[in-house]
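Colleague: could you work out the structure for the sequence below:
(chains A, B and C)
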Amino acid sequence: MPLGYLLRRLAVFLLIVWVAATVNFFIPRLSGADPVRERLLQMAAVGGTGTGTVEEVIKSYQAKFGLDKPLWQQYLFYLWDMARFDFGVSITRFPNSVSGMILDALPWTLVLVTIATLMAFAIGSLFGALVAWPRAPRFIHALAPPLLTLSAIPYYLLGLILVYFLAFTWRLFPLGGGYKVGSEPSWSWSFIQDAAYHSILPALSIILSGIGFWALSMRGMMITTQGEDYVTFAEAKGLRPRRIFLRYALRNAILPQTTALALALGHVVSGAVLVEIVFGYPGVGNLLYQAIRTFDYPIIYGVTFMVIVAIGLATLILDLLLPVLDPRITYQRS
Amino acid sequence: MIAMPARLERTQDRMGQVLRGLRTYPMLTAGLLLLLLVLLISLIGPLFVPREGVQVGSAPPDQRPSREYLLGTDTVGRQILAIIIYGTPLTLQIGLIAGAIGLGVGMVFGFVAGYYGGALDHLFRGAADVFLTVPGLLILVVIATTFKGAVSVMTQALVVSALAWMYPTRTIRSQVLSMRERGYVQLAKLSGMSGPEIIVRELMPNLLPYLAASFVSAVSAAILASIGLEALGLGPQNEPTLGMTIYWSLYYTSVLRNLWWWWAPPIVMIVIIFVGLFLISAGLDQVANPRLRRAA
Amino acid sequence: MSDTSLRMGQTRPEPAARPWEGAEIVLGVRDLRVSYYTPRGPVRAVNGVSFTLRRGEAFGLVGESGSGKSTIALSLLQLIKPPGRIEGGQALLDGKDILSLSEEEMRRLRLAEIALITQGAMNSLNPVMRIRDQIIDAWRDHGEPVNCREAEDRIRDLLRWVGLRPEVARMYPHELSGGMKQRAVIAIAISMRPKVIIADEPTSALDVVVQRQIMQTLRRIQRELGAAVILIGHDMGLMAQFVDRLGVMYAGKVVEVSPVRDIFKDPLHPYTQLLIASLPSLARKGQLQGIPGLPPSLLSPPPGCPFHPRCPFVMDRCRVAVPLLELKRPNRLVACHLYERDEEQA
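Modeller: Got it, this is the predicted structure:
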């Protein structure tokens, strides 16, 4: 893989992270007042049991962000903190560090979203390819309308429906949570089994509602690809239909589909965040939800930043995979 | 045979044309019908269902659907039927406003990037790509929590529109790019038309179906985003939009308490709206791009 | 086995001046009819086409775009897709009707006995596969051994035969020039020594110099292989140089078939005459410039001879009766009422 390509992709990744950090820095300051500070003062005003703690937080907060310094210095400080994943401390759960809380939640989200998205992508693309393939079995076409309708339902609303039927009414799956109440997260086999069991419904809602989306765009790609000369020539070569389907049509149609995956990740993660809330799943989505309800700003900003970094990384990985899938890329751009 | 009056004949002719158009584009037709259904519910519903129904405490809490409360009531004593009838237009309104802003900004960016190219193109396309990669919902969460306070339907629409411009920018840009080299654009350029003039007089009319399709998908994306924000509790707290209804039903754990009549109706409405918008945009794509027609 | 392995470096006898004359017929097409069913009605793209192909012969098919040339190519391999359909006719390959074969029987025949070099051959190679794998793929699905040294040797010989370096085997299509891609396509097409090679505008995207080189390669290989070639195109100059006999198509029908020399010297059908006359006069070479009027709509073809609305010699008969393709001169077939009059007078 040429170095230039690698460097360019890395630059895009850094750009995304920088944009995320900058948005996080400036949007709160656009409102005129600093929401974190206001929130802290508000808590202090309410007084009560935690007054001492609040003052401590304010002190550490002011020292940390240097609020007396000019804006550009604050910005540079801020960028430096972001680069070290230092998001300060939680307001409502002082003195827990935000990065620690995110680190606890992130693996749950990463595993759920990665597996569910890849499965939705794979199943959906294959299905879409078959729908566009004239020799596909009949039942494939009968499946298309219901799957497309499912894709019109946002992930988390589909999750709600699944919980109601599969968990609440028929009791096939747990109602929510990431693991059995009372058990402690560990790397034991039984815990992993339990966690997997709890994640089936959240994953299913992401997969079911994603399949239609991927199928639809894949179908479009396949129709275009089947009109290509190399598919006609492959038929003229007397290849078996299955080989033409897999190695000529599908293999080429999947390339733009992979680019689409990179672009859709943000959308997918947004949906997954809401799925976690419906299921009370212990990932960053739920962390964010709790933070929104208590206006715990450091957590909101921290989660936003970390998720964007994670998506940027995933996009980077996809970009680096693309030249492996498509031999033309490295040459075209160098 | 009695000859028909000329005017009637012409109207029938026109109707015939429309009917034929609808038959050629079944997806578009089905989508329009679905949205028409939604509009009818929100237009005719108020004639039969008084607005008090959306007030807290207007009815006993947690009532199953009955003759008196057709779709039941929620935990704080609001009537679900009234919420649907008065909330659906609010959600549509948010989507339409945000979609219009998104399309407007996207058109400016897309036309400028596609027509002038160069550094402007890099800037606008790059910005659109970066913001498409970023999970929009989280950015909106940051914005919405920062400007918390009394959110109205209008401010909700404005917040959502912050991320409604990228998709239109991308599609319009690529369409303009492909049209820029066509004969009639070149001709207009040679005849001394200015850039903005060419954009408005030559490009826009030809891109009309694409613009319409972009608008529809921008509306759809805006509704999705606003419902997502509202489900997190970041929406107009005092308005019965579909998303806020979902939020309250989650807040009061309606699923675990078997209050299905609370969460199911807003989901049904949302699905009808999304399926309708999807069909319309797919149908408009067919109008814009006849090659897809065969494959449909 | 020795039949399919490529014997390189073996000298072949110089071909006779007209090798096809008296040679057995390898492909006989009779009354081929193909229609496309559009929403506005069936389009008769190929409307009763007959011709024969002798072993070792190069046969050209010319006509304006839309005259049905490419449809013939696709239908001979049963590659017509809906909404198109082969309505009738026969194509006898060594006496066996290949249009009545089952899908699987036909598949085995493709490339092994009848190969197609598709139109737009520049894009005929799968962009994500190495050239070697695109050859191997075909062999694998025809039950040839592929995982052995012999297969590698065969690939190398094959590439050398079409004028490519052995390294090309490991390359991707985008690493090749247009001419090299075309040679690779030819290599695949001949990789199983077919009896018939159909080349549908094989050089349309190439510049003139490369065109000539490719055509010379194709001609040389055809002679060495002893295969018959159907060359489809609209470039009369190219036809003049490379084919033995030429068929002229108009509106889904063959209107004239003659040895290529005769057709340039003395075209019989009025359409052929106009075609020849419209060529740039310098050495009578070049692209078809087109002739006055438009080709007829294949949706609703005119009654009688399809060419009569544009024909300078149109007679009353032409408006009602369809002329048949018949032998009117030695070795020359033409479908025109003008020559019936000749006969009557004679």
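Colleague: can you tell me the residue of the stretch 51-200 of chain B closest to chain C?
Modeller: Scanning the stretch 51-200 of chain B for the residue nearest chain C gives B:Ser178, at 19.4 Å (criterion: CB to the nearest CB). The way it works is simple: take the backbone N, C-alpha and C, and place the C-beta from them, glycine included.
Colleague: secondary structure element for that residue?
Modeller: Secondary-structure assignment from DSSP states H and E places B:Ser178 in helix B:166-180.
Colleague: buried set for that helix?
Modeller: For helix B:166-180, the neighbour count (16 or more other CB atoms under 10 Å in any protein chain shown) marks B:Met166, B:Tyr167, B:Pro168, B:Thr169, B:Arg170, B:Thr171, B:Ile172, B:Arg173, B:Gln175, B:Val176, B:Met179, B:Arg180 as buried.
Colleague: packing partners for that helix?
Modeller: Here helix B:166-180 touches helix B:80-116, helix B:118-133, helix B:204-231, going by 3 or more CB pairs under 8 Å, 6 or more residues apart in numbering or on different chains; DSSP states H and E.
Colleague: and the residue of the stretch 101-250 of chain B found nearest chain A, what is it in contact with?
Modeller: Scanning the stretch 101-250 of chain B for proximity to chain A using CB to the nearest CB identifies B:Leu137 as nearest, at 3.5 Å. The neighbours of B:Leu137, taking CB atoms under 8 Å, 6 or more residues apart in numbering or on different chains as the test, are A:Ser270, A:Val273, A:Leu274, B:Ala225, B:Gly228, B:Leu229.
Colleague: in those, find the pair that's most separated.
Modeller: A:Val273 and B:Ala225 (12.3 Å; CB to CB).
Colleague: re the thing from before, which one of the contacts of B:Leu137 is nearest to chain C?
Modeller: A:Ser270 (32.3 Å).
Colleague: which residues in the stretch 1-150 of chain C form strands?
Modeller: Using DSSP state E, counting those that start in this stretch, the strands found in the stretch 1-150 of chain C span residues C:25-38, C:41-54, C:58-62, C:84-93, C:96-97, C:114-117.
Colleague: distance of the closest residue to chain B within the stretch 151-300 of chain C relative to C:Ala251?
Modeller: Going by CB to the nearest CB, chain B is nearest to C:Leu299 of the stretch 151-300 of chain C, at 16.9 Å. Relative to C:Ala251, C:Leu299 is positioned 11 Å away (criterion: CB to CB, to the nearest Å).
Colleague: between those two, which is the more surrounded one?
Modeller: Under the neighbour definition other CB atoms under 10 Å in any protein chain shown, C:Leu299 and C:Ala251 were set side by side, and C:Ala251 has more, 23 against 12.
Colleague: and that one, what's its pLDDT?
Modeller: Here the pLDDT value assigned to C:Ala251 is 88.
Colleague: can you classify the nearest residue to it once chain neighbours are set aside by secondary structure?
Modeller: Taking CB to CB, 6 or more residues apart in numbering or on different chains as the measure, C:Ala251 lies nearest to C:Pro306, with 4.0 Å between them; neighbours along the chain are not counted. Under DSSP: H, G, I helix; E, B strand; the rest coil, the three-state class of C:Pro306 is coil.
Colleague: was I right about C:Pro306 contacting C:Lys253?
Modeller: Yes: with contact defined as CB atoms under 8 Å, C:Pro306 counts as touching C:Lys253 (6.3 Å).
Colleague: quick check on the closest residue to chain B within the stretch 1-150 of chain C: phi, psi?
Modeller: Closest residue of the stretch 1-150 of chain C to chain B, CB to the nearest CB: C:Pro83 (8.6 Å). The phi and psi values for C:Pro83, taken as degrees, to the nearest 10, are phi -80, psi 10.
Colleague: how close does it sit to C:Val34?
Modeller: Counting by CB to CB, the gap between C:Pro83 and C:Val34 amounts to 11 Å.
Colleague: again, but for A:Ala11
Modeller: Shown here: A:Ala11 relative to C:Val34, a distance of 54 Å by CB to CB.
Colleague: now swap in B:Arg125 and tell me
Modeller: From B:Arg125 across to C:Val34, the span is 46 Å (CB to CB).
Colleague: and C:Val248, by the same measure?
Modeller: C:Val248 is 18 Å from C:Val34, where distance means CB to CB.
Colleague: now do the residue of the stretch 101-250 of chain C found nearest chain A against B:Gly77, distance only.
Modeller: Taking CB to the nearest CB, chain A has its nearest neighbour within the stretch 101-250 of chain C at C:Arg110, 3.3 Å off. As judged by CB to CB, C:Arg110 and B:Gly77 stand 74 Å apart.
Colleague: ok, these two, which is more surrounded?
Modeller: Neighbour totals were compared for C:Arg110 and B:Gly77, and C:Arg110 leads with 25 against 16 (other CB under 10 Å).
Colleague: do I have it right that the more buried one meets A:Arg240?
Modeller: No: the pair C:Arg110 / A:Arg240 is not scored as a contact, 11.1 Å apart, by CB under 8 Å.
Colleague: comparing A:Val273 and B:Ala225, which residue is more hemmed in?
Modeller: The neighbour count for A:Val273 versus B:Ala225, taken as other CB under 10 Å, is higher for A:Val273 (30 against 27).
Colleague: for the more buried one, what is the enclosing helix or strand?
Modeller: Using DSSP H and E, A:Val273 falls in helix A:251-279.
Colleague: alongside chain C, which residues does the stretch 201-334 of chain A contribute?
Modeller: Taking CB under 8 Å from any CB of the partner chain, the part of the stretch 201-334 of chain A that reaches chain C is made up of A:228-230, A:232-240, A:243, A:247-248, A:251-252, A:255, A:325-328, A:331-332.
Colleague: appreciated, that's everything.
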